[in-house]
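Engineer: Quick one, fold the following:
(one chain, ligands or ions: 1)
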Amino acid sequence: MLVQKPTLHIIGAGWAGLSAAVRACQSGFEVHLYESAPTLGGRAASHIKNHQPLDHGQHILIGAYESTLKLLTLLGGSHAQQFNRLGLAILDAQGQGFKLPLDRFGFKALRALLQNKRWRSIDKLGVLWTGFYWLLNPDTRALLKDIDRDDLSMGRDMSVKDFFAPIPDRIMDDLIEPLCLSALNTNIHEASARLLLRVLRDAFQDLPRSCELLIPKVPLGELLPGPARLWLERHGAHIHPSKRVRSLLEFKSEDIVVLCTSAKEAARLCASVASDWAQCAQALEHERICTVYLRSQADSKSQVLPDLIALDAREPGSAQFAIKNHHCSTEDNIQWAFVISAAPQLENEKFEDIIIRQAQHQLGLVNIEVLQCVCDKQATFKAKCGLKRPPQFVGQNIWAAGDYVMGPYPSTLEGAVRSGQQTIDLIEQELLRALPRHPASRTAELSSKSSSN
Ligand SMILES: Cc1cc2nc3c(=O)[nH]c(=O)nc-3n(C[C@H](O)[C@H](O)[C@H](O)COP(=O)(O)OP(=O)(O)OC[C@H]3O[C@@H](n4cnc5c(N)ncnc54)[C@H](O)[C@@H]3O)c2cc1C
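Structural biologist: Numbering: from 1, shown residues only. Predicted structure coming up:
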């Protein structure tokens with residue numbers, strides 16, 4: 001380990017800032033973590049409402065979120081207690097749709113497609129034809145090769161709509177569009193095929209575990225922010241909640257600052273010292289996600305509905321998915337989260353009306369009571385085809401981490417956690433590079449670092 005490490009100031013305690021803080025403590029930095037809100041967790045935090053924890057929107061993880069799951073384990077969490085695990089299934093209320101069998105291997109994805117009763121033979125032939133098209137078309141073939149080699153240096157990309165051009169409309173509507181919206185929160189016409197394929201590659205890499213859907217059984221605040229806070233305090237980090245950093249001049253120039261705020265706030269903070277970086281961060285566009293939480297009577301019909309249901313979302317403002325929140329349900333009531341990805345600009349009351357209609361007509365729910373509508377208009381960055389994201393290095397002793405910073409993932413918890421860890425690793429490498437050039441001391445430092453890992 002390096003003898004004397006500079007003090008590290010992490011601004012923002014969302015999942016990126018928390019994962020950066022944990023990694024930095026493990027690497028032996030003195031860590032200060034600043035958060036403008038009174039609670040930690042950022043966009044994936046829980047707040048207390050009517051004496052109950054309420055999440056800032058429904059979040060779903062997948063089994064391929066390796067860095068996040070490892071971090072939760074490090075912080076003492078047990079995945080069995082934290083998550084309700086579901087196989088990958090996009091099923092409607094009648095149980096029809098795409099379902100990947102968890103217990104069988106081989107051509108499972110293909111088999112699941114071919115066995116789907118909602119699709120006609122011509123649709124299934126269209127899927128096979130799409131596979132040939134990808135091999136024959138030089139652009140799609142090159143993009144698939146980049147993803148396979150994990151080589152994004154060519155910057156190749158196309159929209160999801162173009163990548164899946166030959167796929168029949170019905171399969172586009174039933175499978176590709178819901179997958180794209182849930183993974184990228186961006187419509188298929190604009191969404192980056194590169195980012196979607198990268199997530200799908202990881203999701204299908206280590207089947208069946210990697211593509212499981214993990215629905216939190218505990219409030220988000222108890223998943224990462226709470227345990228991370230306890231861990232950080234035990235490891236000597238200084239946590240400053242309700243402290244908004246107004247300017248980078250608040251820190252000594254020899255200290256290291258890691259911006260883990262939103263892209264816009266990071267751009268504001270560094271505008272005078274790194275204008276190109278700030279412009280790139282500022283140019284990112286954002287998409288809304290709204291979650292309508294409601295309660296319905298637990299009758300015999302609603303009890304047998306799947307835990308995650310794909311909805312007909314053709315009406316603007318309607319939800320694509322309804323999720324049962326078992327941990328908030330009782331014998332008499334079921335609590336649901338209806339998720340509206342890439343949501344249009346509407347009043348909360350309007351969303352609530354649309355969702356009540358969906359709940360009644362598509363799921364047959366009765367005695368519905370809306371609990372809360374949470375809308376975040378900057379929920380994720382718009383994962384547009386060919387998108388430029390700002391890098392980790394901002395300027396002298398200033399770095400950035402966050403779900404929007406350059407990386408292989410879209411705006412997700414895994415993107416945030418990976419980014420936090422990666423930025424600390426880069427800072428560490430940079431400090432090692434800056435060590436005195438004497439070969440013996442350098443070798444000693446490097447070997448002591450690798451033996452401490
Ligand atoms: C409704 C909703 C649903 C979502 N669903 C999913 C999902 O199902 N799966 C998934 O993987 N992802 C989902 N996401 C995305 C996920 O929540 C984000 O990608 C992730 O939380 C981003 O974390 P972050 O740390 O990069 O940023 P943030 O969470 O935005 O953290 C930034 C932090 O910096 C703080 N801050 C800002 N300015 C300052 C300042 N000047 N001084 C001090 N502190 C400051 C903020 O208060 C905030 O806490 C969803 C997001 C939303 C909003």
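Engineer: which bits of the stretch 1-150 of the chain sit near the ligand?
Structural biologist: Residues of the stretch 1-150 of the chain found near the ligand, taking Cβ under 6 Å from any ligand atom as the criterion, are 11-17, 34-37, 42-44, 56-57, 59-61. C-beta here means a position set from N, CA and C on the backbone, and glycine is covered the same way.
Engineer: Quick one, which of those residues are buried?
Structural biologist: Buried by 16 or more other Cβ atoms under 10 Å: 11-17, 34-37, 42-44, 56-57, 59-61, out of those.
Engineer: Restricted to strands, list those residues.
Structural biologist: For those, membership in strands holds for 11, 34, 61, with DSSP state E as the criterion.
Engineer: Just put the residues you listed in JSON lines and tack on pLDDT and distance to residue 327.
Structural biologist: Compiled in JSON lines, these are given as follows (pLDDT from 0 to 100; distance: Cβ to Cβ, whole Å):
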{"residue": "11", "pLDDT": "98", "distance to residue 327": "32"}
{"residue": "34", "pLDDT": "98", "distance to residue 327": "31"}
{"residue": "61", "pLDDT": "96", "distance to residue 327": "15"}
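Engineer: quick one: which of those residues is nearest residue 272?
Structural biologist: For these, the minimum distance to residue 272 (Cβ to Cβ) is 15.7 Å, reached by residue 11.
Engineer: Summarise which helices and strands the helix or strand where residue 336 lies is packed against.
Structural biologist: Assessed by DSSP states H and E, residue 336 sits inside strand 333-341. Judged by 3 or more Cβ pairs under 8 Å, 6 or more residues apart in numbering; DSSP states H and E, the packing partners of strand 333-341 are helix 177-184, strand 286-297, strand 321-324, helix 348-363.
Engineer: how about the ones you listed in CSV, adding mean pLDDT?
Structural biologist: Output for the helices and strands packed on strand 333-341, formatted as CSV (pLDDT from 0 to 100):
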stretch, mean pLDDT
helix 177-184, 93
strand 286-297, 96
strand 321-324, 96
helix 348-363, 96
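Engineer: Please identify which of these is closest to residue 401.
Structural biologist: With Cβ to Cβ as the measure, strand 286-297 is the member of these nearest residue 401 (18.0 Å).
Engineer: Walk me through which strands the closest one pairs with, and which way each runs.
Structural biologist: In the sheet containing strand 286-297, its partner strands are strand 333-341 (antiparallel), strand 369-381 (antiparallel), by DSSP bridges.
Engineer: the inter-axis angle of the longest one versus helix 177-184?
Structural biologist: In this structure, strand 369-381 runs at an angle of 70 degrees to helix 177-184, with axes from the mean of the first three to the mean of the last three Cα atoms, to 10 degrees as the basis.
Engineer: Show the subsequent helix or strand relative to strand 369-381.
Structural biologist: Beyond strand 369-381 in the direction of the C-terminus, DSSP H and E gives the next helix or strand as strand 393-395.
Engineer: Could you point out the helix or strand that follows that following strand?
Structural biologist: Sequence-wise, the next helix or strand beyond strand 393-395 is strand 398-400, with elements assigned using DSSP H and E.
Engineer: Counting by contacts, list what that next one packs against.
Structural biologist: Contacts defined by 3+ Cβ pairs under 8 Å, 6+ apart place strand 398-400 against strand 256-259, helix 413-433.
Engineer: what lines up beside it in the sheet?
Structural biologist: The pairing partners recorded for strand 398-400 under DSSP bridges are strand 256-259 (parallel), strand 393-395 (antiparallel).
Engineer: Buried residues, that strand. List them.
Structural biologist: The neighbour-count check on strand 398-400 (16+ other Cβ under 10 Å) flags 398-400 as buried.
Engineer: so who does the residue lying closest to residue 44 once chain neighbours are set aside touch?
Structural biologist: Leaving aside its chain neighbours, residue 44 sits nearest to residue 220 (5.0 Å; criterion: Cβ to Cβ, 6 or more residues apart in numbering). In this structure, residue 220 makes contact with 41, 44-46, 55-56, 59, judged by Cβ atoms under 8 Å, 6 or more residues apart in numbering.
Engineer: Name the spans of the stretch 301-450 of the chain whose pLDDT lies under the cut-off.
Structural biologist: 437-450 (pLDDT under 70).
Engineer: For it, which residues are neighbours of the ligand?
Structural biologist: Contact residues, the stretch 301-450 of the chain versus the ligand (Cβ under 6 Å from any ligand atom): 376, 379-380, 402-403, 411-416.
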